[in-house]
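the sequence and its predicted three-dimensional model are supplied below.
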Amino acid sequence: MLQIRYPQRRDSGFYECQVSTTPPIGHSMYLSVVEPITIIIGEPDMYIYKGSTINLTCVVKHSPEPPPAIYWTHNSQEINYDSPRGGVSVITEKGDVTTSYLLIQRANTPDSGKYTCNPSNANLKTVVVHVLNGEHPAAIQYGGQLRLQYPVSVFLLSVVVTLIGS
């Protein structure tokens with residue numbers, strides 16, 4: 001029996017078991033060591049308007065099996081889906097690629113902070129959510145989509161100024 005403790009990618013390759021007989025009997029097999037990857041779409045920072053829905057999407061790829069559990073935390077505290085706040089839910093789709101969606105309805109200022117997706121068999125990933133009261137940063141999430149505001153308007157303004165100045 002061969003046991004590899006703390007396997008790493010460099011341990012991937014062919015291994016052979018041989019029995020000392022004449023002629024020798026052997027059986028070879030290929031070991032593939034994969035490293036799961038966790039991402040949160042939109043990381044490292046997301047900007048959400050107060051009152052909208054926060055939609056955090058955590059994706060786990062290259063896992064030998066779907067994670068038995070995915071834990072979500074907010075500012076290092078496990079999220080309680082039965083809290084009096086209400087409007088918090090998680091949907092997880094397991095498979096070759098596992099996706100977990102954390103949905104927080106009616107975002108408010110206390111919902112700002114660090115959110116972490118922690119799959120039980122992969123590395124954790126963190127995103128910082130900023131709930132805004134009507135300020136206008138460069139990027140805002142609308143219903144799960146990221147829209148750039150200022151870069152396009154600044155570009156158009158610079159084109160107009162350039163044309164007027166010519």
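Here it is on my side, so go on.

what sits against the spatially most central residue of the chain?
In the chain, the residue lying closest to the centroid (Cα atoms, centre = their mean) is residue 40, at 2.2 Å. Residue 40 makes contact with 56, 57, 58, 59, 115, 117, 125, 126, 127, according to Cβ atoms under 8 Å, 6 or more residues apart in numbering. C-beta coordinates here come from the backbone N, C-alpha and C atoms, glycine included.

mind listing which of those residues are in helices?
Among the contacts of residue 40, no member is found in helices (DSSP state H).

and the host helix or strand of residue 103, which strands flank it?
In this structure, residue 103 sits in strand 98-104 according to DSSP states H and E. Counting by DSSP bridges, the strands paired with strand 98-104 are strand 54-61 (antiparallel), strand 88-93 (antiparallel).

what residues sit buried inside that strand?
Neighbour-count burial for strand 98-104, counted by 16 or more other Cβ atoms under 10 Å, picks out 98, 99, 100, 101, 102, 104.

please name the nearest non-neighbouring residue to the fifth one.
In this case it means residue 102. Leaving out its chain neighbours, the residue that sits closest to residue 102 by Cβ to Cβ, 6 or more residues apart in numbering is residue 56, at 4.2 Å.

what segments of this structure are helices?
For the chain, applying DSSP H gives helices covering 150-165.

low pLDDT regions in it?
Along the chain, the parts satisfying pLDDT under 70 run over 135-166.

ok, 80 please
Applying pLDDT under 80 to the chain flags the ranges 134-166.

just the buried residues of the contacts of residue 40.
Among these, those classed as buried by neighbour count (16+ other Cβ under 10 Å) are 56, 57, 58, 59, 115, 117, 125, 127.
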